[in-house]
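Asks: when you get a sec, could you give me coordinates for this:
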Amino acid sequence: MFSAEAKKQIPDILKRYPIKASAMLPLLNLAQEEEGWVSEDSMREIAKLLDLTPPKVYEVATFYTMLNLKPIGRFHLQVCKSLMCALVGSDTLIQWIDQELGIKPGETTEDGMFTLSTVECLASCGTAPMMQVNDDYFERLTHEKVRQVFEDLRTTGKCSLATGPFRWPEPEVVVLMAAFEKVLLKNMDMPGYSGSLKDYEKAGGYQAIRTVLGKMKPDDLIDIVKKSGLRGRGGAGFPTGVKWGFIPKDHPGPKYLCCNADESEPGTFKDRQLMERDPHQVLEGIILCCYAIGAHTSYIYIRGEFILGAKLLEKALAEACEAGYLGKNILGSGFDLDVYVHRGAGAYICGEETALLESLEGKRGKPRTKPPFPAISGLYGKPTVINNVETLANIPYIVNRGPEWFMSIGSSPKSPGTRVFSLSGHIAQPGNYEVPMGITMREMLEDYGGGMRDGKKLKAIIPGGASAAFLTEEHLDVKLDFEGIAEAGSMLGSGAITFMNEDTCMVWAAERLLEFFHHESCGKCTPCREGSMWLLQILHRMEAGHGKHEDLDLLLRLCGNIEGQTVCAFGDAEIAPITSTLKHFRHEYEAHIRDGCCPFRGQPAELVGAGTSHGH
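Replies: Down below sits the predicted model:
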C-alpha cells in the first residue's frame, strides 16, 4: 500500500500521460520502492487508480523481471551472468558471495538482510565482474571489495564503493588514446566537467536550438539530418533523417518522440555513459528532433536498472525547464515541449521499438506486427519517432557544424560520423571508445583495447552485441562500419565488441547467449518461445558431454525454422550464436561429442584484478 508521502507523487505521475494505463510501470516501481516488493494489496490499489482490474495489473507485473512479487531481503544482490560478464569472472563472484554470506542464487540469508539473484546484462560489461545492490552498481569487484560491501551494508546500510556517474576507461587512459577528434565524449574529457547545465552551456551546449527554434523550418532541419548521412546507433542503422521524414506533415493530432534508452544488449554500455555523464547533450538532441517532426511531448524510456541515470536525467530536465529550454514557448520561439523520463522494469525486448511502445502504454512489452509502422501509428496510435540515445546526441553537433562536416568523418557516404564502441571480454583495456566509423577491428583491438590480455591469442569476436554473429581472427582487418561487418557475415548492431581468447569454449559461449535469449523471449511467437528452449536443451546436453552427432544437423534445422518466422528480429538474433559458431568452430562441437565432455572444462579461472581469463 502507498504511504502518504508516495501518494503525493501519484498526481504528478498520472498527468504525464494522455491515458491512465501508461502510469502502470511508474506506479509498480513506486510500490516496490516503498515495500521492497509488489504486494497484491499494492496491485489492487494501482488497479483502482488506473481504472483497471487487479488481474490486468498482475498480468503486466509478471512480465517484468525487476518487479519482486514476494518479499526479499533488505539488500537485493543481482549478479549479471550473461556471456560478457561470465568471460571475466561472474561465476567466481557468485562463489565469493556464497563464501561470505552462505547463500546461492534464489536464496536469502537467515537474518533477512541479503537476497541473491542472477540476472541478465546490466550494461556493465567492461567493468565486470559486478553486481547491483538495490539502486547501486558495484563494479570491477574483487573478493576483498565484496567483503567490504557486505560489511558496510550491515553496519551503515550503504557503501562508498558504489559507482557514481559512469565512465570507463578512466580519463588518464582516454587521454593517451586521443588519436581522433571526439564528438560525443569530448565534453567529459574536460577537467571538472560535471554534465550540469552550466558546464554544458560553457562547452557550447544549447546553441543548436537557438539556431533552429523559430528560425528554421522543420523540413529544413530534416534535410540537414538527411544530408549528414546519420544512421541509427541503436542497432538497425536506419537513416535518421529518412525516419523523421516519414512522419505525416498534415496529421492534425499529437505526434511523439520516444528516446530509446533501454540499453539491454549484452556487451553494450555506451548510452549509460552518455546519459550519466552528459545528459543535456541528449536532451538538446531530443528538442531538435521534436521540433523537426512537430512533436510537443517526448518520453525517455530508460531501462529500469539505470536508476542513477534516471535521476540524473530528471535533474537535467529540471535544469533545462528552469532555463527555458523546455516547457512553453521555448526561447520565445512559440514552440512548446514537455519531456518525461519513463523507467522500465527489466525486459530486454522493450528495446525493440514497438515493444517499447506497448510497455509505455502500460501493457506487456510484446512487439507489434508491422505495418503499420510507428511513423504512422505509434504511441497511442499517433505518428511516432523512436530514436536511440547516441543517435539523438549527434544532432546538436550536426546542426552546429553542418552536415558536410559530419559526412567528412568515417566511411562516407554510407557510414559517416563517429561511433562509440563498447569493448569487453579478454582485452587489456575494456571500455567506451569514440572513433570514426571505418577503422579496422585490428586497430580497435590493438590501439584502443590494448590487445589481448595475458598474452593469450584471439579466438573469436562478437562485433555488434549479443545479436551479432561471431567472427574470427581472420576478420581483424574488416572495417567497423555497417557495410564492412555485413559483408563479413555479421552486423555492427549496437557497437558492442566482445573479444574472446583461445581458452574460451565456443559451445559454452553459445550456450550462455542462448540462456540470455531464452530468458528474454517475450513468448509471443512460437518459433522463438519454443525454439529457444529446444536449442538450449541441446546445448546443455552437449556441454555436459551427452551430445550426439545428429545434434549438429538438428541445431541447424531448428535455427532454419526460427529464422524469419517471428514478428520482430529476436528470432534471428537468438540463432546467430549457434549458426556462426557452427560455421567457424564446428570442430569444437564435434570434440564435445567425440570426447563426451567439454575439452576446455577444468581449466582454472585465473583472476586478473577484476576478472578472469576463462569463462568456465
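Asks: does the spatially most central residue of the chain sit in a helix, a strand or a coil?
Replies: Note on the chain: the residue nearest the mean C-alpha position is Glu263, at 1.5 Å, using Cα atoms, centre = their mean. Put simply, Glu263 is coil when judged by DSSP: H, G, I helix; E, B strand; the rest coil.
Asks: so Met500: helix, strand or coil?
Replies: strand.
Asks: what pLDDT is listed against it?
Replies: Per-residue pLDDT puts Met500 at 98.
Asks: show me the contacts for it.
Replies: Residues near Met500 by Cβ atoms under 8 Å, 6 or more residues apart in numbering: Leu87, Gly425, His426, Leu458, Lys459, Ala460, Ile461, Ile462, Ala509, Gly615. (Glycine included, C-beta is placed from N, CA and C.)
Asks: same question for Gln32.
Replies: Applying Cβ under 8 Å, 6+ apart, the residues contacting Gln32 are Val38, Met66, Leu67, Asn68.
Asks: re earlier: got CSV for the contacts of Met500, with neighbour count too?
Replies: CSV is the format used below for the contacts of Met500 (neighbours: other Cβ atoms under 10 Å):
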residue, neighbour count
Leu87, 26
Gly425, 29
His426, 28
Leu458, 21
Lys459, 22
Ala460, 22
Ile461, 25
Ile462, 29
Ala509, 24
Gly615, 26
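Asks: mind listing which of those residues are in helices?
Replies: Judged by DSSP state H, the contacts of Met500 include Ala509 as members of helices.
Asks: now for the chain, the helix or strand with the poorest mean pLDDT.
Replies: Lowest on mean pLDDT, DSSP states H and E among the helices and strands of the chain sits strand 611-612, with a mean of 34.
Asks: in the stretch 501-616 of the chain, where is pLDDT below threshold?
Replies: Applying pLDDT under 70 to the stretch 501-616 of the chain flags the ranges 602-616.
Asks: got it, and the chain?
Replies: Residues of the chain meeting the criterion pLDDT under 70: 172-178, 602-616.
Asks: domain-wise, how is it divided?
Replies: 4-61, 75-156, 187-408, 415-501, 506-595 (automatic domain parsing).
Asks: which among those is found nearest to Ala162?
Replies: Each of the domains of the chain was scored for nearness to Ala162 using Cβ to Cβ, and the closest is domain 75-156 (3.9 Å).
Asks: related to what we said a few turns ago, adding distance to Ala486, write the contacts of Met500 out as TSV.
Replies: What follows is the contacts of Met500, written out as TSV (distance: Cβ to Cβ, whole Å):
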residue	distance to Ala486
Leu87	25
Gly425	22
His426	25
Leu458	21
Lys459	22
Ala460	18
Ile461	15
Ile462	15
Ala509	22
Gly615	28
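Asks: how near is the residue nearest to the centre of the chain to Gly560?
Replies: Per Cβ to Cβ, to the nearest Å, Glu263 is found 31 Å from Gly560.
Asks: then Lys48 would be within a strand, right?
Replies: No: counting by three-state DSSP, one finds Lys48 to be helix, located in no strand.
Asks: that one: neighbouring residues, count only.
Replies: Neighbour count for Lys48, taken as other Cβ atoms under 10 Å: 12.
Asks: residues touching the closest residue to Lys414 other than its chain neighbours, list them.
Replies: Nearest non-adjacent residue to Lys414, counting by Cβ to Cβ, 6 or more residues apart in numbering: Glu483, 5.7 Å away. Shown in contact with Glu483 (Cβ under 8 Å, 6+ apart): Ser411, Lys414, Ser415.
Asks: would you list the phi and psi of the last one?
Replies: Put plainly, it is Ser415. Phi and psi for Ser415, reported as degrees, to the nearest 10, are phi -140, psi 60.
Asks: please apply the same query to the second one.
Replies: Comment: the main-chain dihedrals of Lys414 come out as phi -90, psi -20, following degrees, to the nearest 10.
Asks: ok, it touching Lys479?
Replies: No: if you go by Cβ atoms under 8 Å, Lys414 and Lys479 don't touch, sitting 11.0 Å apart.
Asks: the closest residue to Leu50 other than its chain neighbours - how many residues pack around it?
Replies: Nearest residue to Leu50, sequence neighbours excluded (Cβ to Cβ, 6+ apart): Lys20, at 4.6 Å. By other Cβ under 10 Å, the residues close to Lys20 number 15.
Asks: show me where the stretch 101-250 of the chain has its helices.
Replies: In the stretch 101-250 of the chain, helices defined by DSSP state H, counting those that start in this stretch lie at 143-156, 171-175, 197-202, 207-212, 218-228, 240-245, listed in chain order.
Asks: name the residues that touch the last one?
Replies: I take that to be helix 240-245. 222-228, 230-232, 289, 292-293, 375, 385, 387, 391.
Asks: report the buried members of those residues.
Replies: Among the contacts of helix 240-245, those classed as buried by neighbour count (16 or more other Cβ atoms under 10 Å) are 222-226, 228, 230-232, 289, 292-293, 375, 385, 387, 391.
Asks: just checking: what are the partner strands of the lengthiest strand in the chain?
Replies: Using DSSP state E, we find that the single longest strand of the chain is strand 418-425. Note on strand 418-425: by DSSP bridges, its sheet partners are strand 431-436 (antiparallel), strand 496-501 (parallel).
Asks: picking up where we left off before, out of the domains of the chain, which is closest to Glu181?
Replies: domain 415-501 (8.2 Å).
Asks: how far does that closest one sit from its chain's centre?
Replies: 17 Å (Cα atoms, centre = their mean, to the nearest Å).
Asks: returning to what we had before: top of the contacts of Glu483 by neighbour count?
Replies: Ser415 (23 neighbours).
Asks: for Gly484, see how far away it is.
Replies: 8 Å.
Asks: next, count neighbours for the residue lying closest to Ile330 once chain neighbours are set aside.
Replies: The shortest distance from Ile330 to any non-neighbouring residue, by Cβ to Cβ, 6+ apart, is to Leu213 (5.9 Å). Burial of Leu213 is recorded as 21 neighbouring residues (other Cβ under 10 Å).
Asks: next, find the distance separating Leu213 from Asp220.
Replies: Distance from Leu213 to Asp220, by Cβ to Cβ: 12 Å.
Asks: buried residues in stretch 409-427?
Replies: For stretch 409-427, by 16+ other Cβ under 10 Å, it's 409-412, 414-427.
Asks: measure it end to end?
Replies: 27 Å (Cα to Cα, to the nearest Å).
Asks: cool, stretch 301-312 as well?
Replies: 14 Å.
Asks: list of residues touching it?
Replies: 25, 29, 64, 66, 122-123, 132, 135-137, 163-166, 195, 258-264, 272, 275-276, 279, 313, 341-346, 350, 356, 359-360.
Asks: switch the cut-off to 7 Å
Replies: Here stretch 301-312 makes contact (Cβ atoms under 7 Å, 6 or more residues apart in numbering) with 29, 66, 122, 132, 135, 165, 258-264, 272, 275-276, 279, 313, 341-346, 356, 360.
Asks: please apply the same query to stretch 96-108.
Replies: Contacts of stretch 96-108 (Cβ under 7 Å, 6+ apart): 72-73, 77, 94, 109, 114-118, 143, 146-147, 150.
Asks: if anything else comes up later, I'll come back, but that's it for now.
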